[in-house]
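> Sequence plus predicted model, see below.
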Amino acid sequence: MAYDIVVVGAGPAGSVAAYECAKRGFKTLLLEKAIIPREKACGGAVMYRGIRILNGIIPRELIEQKIYGLRFGFHNGLASEFISHKLIGITVFRDKFDDFLSKRAVEAGVELAEGTRVIHTSVSDECATIQLQDGREFKSDFLIGADGVNSIVSRSLKLRPIRKDLTRIGLGMEADFYIGRAGVMKATNGNPSVLEILPITNRIGYGWIFPKREHLAIGIAGSGVHMQALRPDFDRFYQSLEKRLGVELKLEKRRTCFFGGEGLGGTNVTNRAILVGDAAGFVDPMMGEGIAYAMQSSILAVDVIAQAMAVDQYDADSLWKYHHLCRKAFSANFQMASWIGSRGLSFASNLLPRISGHKLASDVMAMVARGEIGYADIPYTVLKKIPRQIPNFIKYVAQSHIHTQN
Ligand SMILES: Cc1cc2nc3c(=O)[nH]c(=O)nc-3n(C[C@H](O)[C@H](O)[C@H](O)COP(=O)(O)OP(=O)(O)OC[C@H]3O[C@@H](n4cnc5c(N)ncnc54)[C@H](O)[C@@H]3O)c2cc1C
């Protein structure tokens with residue numbers, strides 16, 4: 001066999017998967033259709049759970065801003081802000097961040113082939129076969145599909161339908177606006193360490209402003225069916241921000257992309273193959289966060305593959321454990337996020353402004369953002385913490401209720 005493992009796609013999922021394979025001594029080939037560094041439509045917020053997966057080892061020059069807070073705006077005009085003393089994430093430029101991850105894989109012993117587009121994959125009892133657009137063909141014991149939301153691996157292995165179901169998938173558009181360091185400070189009222197999430201007028205979806213060192217990453221996203229007029233919506237959204245932020249936003253380039261959105265509903269293993277990251281649909285269905293889940297799913301996948309290889313078993317049943325591991329790791333977030341994203345938005349827009357700025361709420365929000373608890377663990381965590389804070393908390397909610405009534 002030419003390779004133990006072939007990984008398709010050198011985004012965060014693929015580069016982390018390939019790195020983990022090489023670290024275990026597997027002969028690994030990483031195939032990427034683009035030339036690295038390549039562009040990727042993304043707000044570039046890497047939450048703390050993602051930083052932890054990399055053991056905090058991210059070159060300083062890649063970190064655009066350290067993030068300590070979240071601010072949510074709502075259709076009813078209310079807003080809520082949660083600031084933590086703990087780091088909850090960073091912002092990066094994806095071309096540089098992904099370049100770093102692929103170089104890290106190469107340094108660990110991965111063979112990287114850039115500019116190689118995979119057009120078909122198949123699996124048999126003997127091997128996985130990967131065909132390239134240039135006519136070449138590779139064979140391996142295992143195949144990892146990390147080729148993103150439009151994954152050819154998932155479709156050629158019949159794990160996903162050929163045509164996308166737009167009701168189950170999101171769509172986003174974003175751009176980085178250069179406004180200089182002073183501009184970033186002005187637009188963020190002197191605090192560029194807060195990620196801001198905003199509603200989009202008349203649409204089911206949301207927008208964001210993520211500060212970088214000299215840029216603002218601004219974007220909108222929502223369900224594929226609601227976002228067909230994406231470009232005018234995006235233009236209206238960023239233009240509406242100019243007045244509020246007090247800076248001129250000069251558009252250089254819009255980027256657009258689907259959001260992976262199967263959550264935990266899809267089948268992600270077959271004989272000799274596993275899907276990871278966006279190819280598997282591991283994106284938070286509420287916020288569209290996917291970088292950390294991409295990297296974490298890759299680590300889980302390589303663990304399972306290594307166990308299967310140790311006992312020489314390459315069938316789907318031996319790999320099925322991957323589903324259980326992903327469910328255990330992600331379900332507390334995905335199920336609750338999906339509920340909030342669909343039915344609980346009005347609940348969130350009523351509740352969050354009332355608890356805005358409260359220490360307990362900020363602490364819990366930071367725990368979620370840092371990956372210490374999932375969304376579904378919030379009620380239990382609040383109840384556990386609340387006895388010590390009951391008098392303050394009740395007073396706080398009652399006061400804010402009176403304010404909103406007035
Ligand atoms: C507008 C937008 C904003 C977002 N903002 C955020 C954010 O702020 N924070 C966050 O955590 N997540 C965000 N996400 C989600 C995040 O971008 C993805 O979840 C993440 O990139 C998934 O990583 P991945 O490695 O699975 O896929 P990708 O990053 O998409 O990487 C897949 C790689 O596979 C390559 N590839 C594809 N097809 C082939 C082929 N046939 N042959 C060879 N190579 C191939 C691609 O070129 C690419 O390099 C955003 C998404 C969108 C659309």
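That came through fine. Numbers count the residues shown, from 1 in each chain.

> Counting neighbours, what do you get for the closest residue to the ligand within the stretch 151-300 of the chain?
Nearest residue of the stretch 151-300 of the chain to the ligand (C-beta to the nearest ligand atom) works out as residue 290 at 1.8 Å. Quick note: C-beta positions are derived from backbone N, CA and C, even for glycine. When neighbours are counted by other C-beta atoms under 10 Å, residue 290 registers 25.

> avg pLDDT for the helix or strand hosting residue 274?
Assessed by DSSP states H and E, residue 274 sits inside strand 273-275. Mean per-residue pLDDT for strand 273-275: 98.

> Which other helices and strands does that strand contact?
Packing partners of strand 273-275 (3 or more C-beta pairs under 8 Å, 6 or more residues apart in numbering; DSSP states H and E): strand 137-145, helix 152-156, helix 291-310.

> List the buried residues for stretch 110-125?
By 16 or more other C-beta atoms under 10 Å, the buried positions in stretch 110-125 come out as 110, 112, 116, 118, 121, 123.

> Over to stretch 13-24?
Neighbour-count burial for stretch 13-24 flags 13, 14, 15, 16, 17, 18, 19, 20, 21, 22, 24 (criterion: 16+ other C-beta under 10 Å).

> pLDDT at the first one, what is it?
pLDDT recorded at residue 13 is 98.

> Now do the SS call for the nearest residue to residue 236 once chain neighbours are set aside.
With C-beta to C-beta, 6 or more residues apart in numbering as the criterion, residue 236 has its nearest non-adjacent residue at 7.5 Å, and that residue is residue 201. Following DSSP: H, G, I helix; E, B strand; the rest coil, we place residue 201 in the coil state.

> any idea how far residue 144 is from the nearest residue to the residue of the stretch 151-300 of the chain closest to the ligand once chain neighbours are set aside?
Spatial nearest neighbour of residue 290, excluding adjacent residues (C-beta to C-beta, 6+ apart): residue 283 at 3.9 Å. Distance of residue 283 to residue 144, given as C-beta to C-beta, to the nearest Å: 18 Å.

> between the two, which one's more packed in?
residue 144 (31 against 26).

> Quick check: neighbours of the helix or strand encompassing residue 120 in the sheet, parallel or antiparallel?
Using DSSP H and E, residue 120 falls within strand 118-123. Strand 118-123 has the following strand partners under DSSP bridges: strand 128-132 (antiparallel).

> any idea how far residue 11 is from the spatially most central residue of the chain?
Nearest to the mean C-alpha position of the chain, counting by C-alpha atoms, centre = their mean, stands residue 290 at 1.4 Å. Per C-beta to C-beta, residue 290 is found 9 Å from residue 11.

> what is in contact with the two at once?
Counting by C-beta atoms under 8 Å, 6 or more residues apart in numbering, the shared contacts of residue 290 and residue 11 are 277, 278.

> for the protein, what spans make up the helices?
For the chain, applying DSSP state H gives helices covering 12-23, 48-53, 94-107, 152-156, 180-187, 230-245, 291-310, 316-319, 321-342, 345-355, 359-369, 378-405.

> phi, psi of the residue nearest to residue 290?
phi -130, psi 140 (degrees, to the nearest 10).

> Over to residue 9?
Geometry field for residue 9 lists phi and psi as phi 100, psi 120, criterion degrees, to the nearest 10.

> mind listing what the residue nearest to it when sequence neighbours are not counted touches?
Closest residue to residue 9 apart from its sequence neighbours, by C-beta to C-beta, 6+ apart: residue 147 at 3.6 Å. When contacts are counted by C-beta under 8 Å, 6+ apart, residue 147 touches 8, 9, 14, 33, 118, 153, 154, 279.

> that older thread, which one of the helices of the chain is the most hemmed in?
Mean neighbour count, computed with mean count of other C-beta atoms under 10 Å, is highest for helix 12-23 among the helices of the chain, reaching a mean of 29.

> tell me which parts of the stretch 151-300 of the chain are close to the ligand?
Taking C-beta under 6 Å from any ligand atom as the criterion, the stretch 151-300 of the chain approaches the ligand at residues 152, 172, 174, 219, 221, 257, 259-260, 277-279, 283, 288-292, 294.

> go with 5 Å
Taking C-beta under 5 Å from any ligand atom as the contact definition, the stretch 151-300 of the chain meets the ligand at 152, 172, 174, 257, 277, 278, 283, 289, 290, 291, 294.

> And the fifth one, how far from residue 138?
Just to be clear, that refers to residue 277. In this view, residue 277 and residue 138 are 20 Å apart by C-beta to C-beta.

> More neighbours: the two, which one.
Using other C-beta under 10 Å, the more surrounded residue of residue 277 and residue 138 is residue 277, with 32 against 22.
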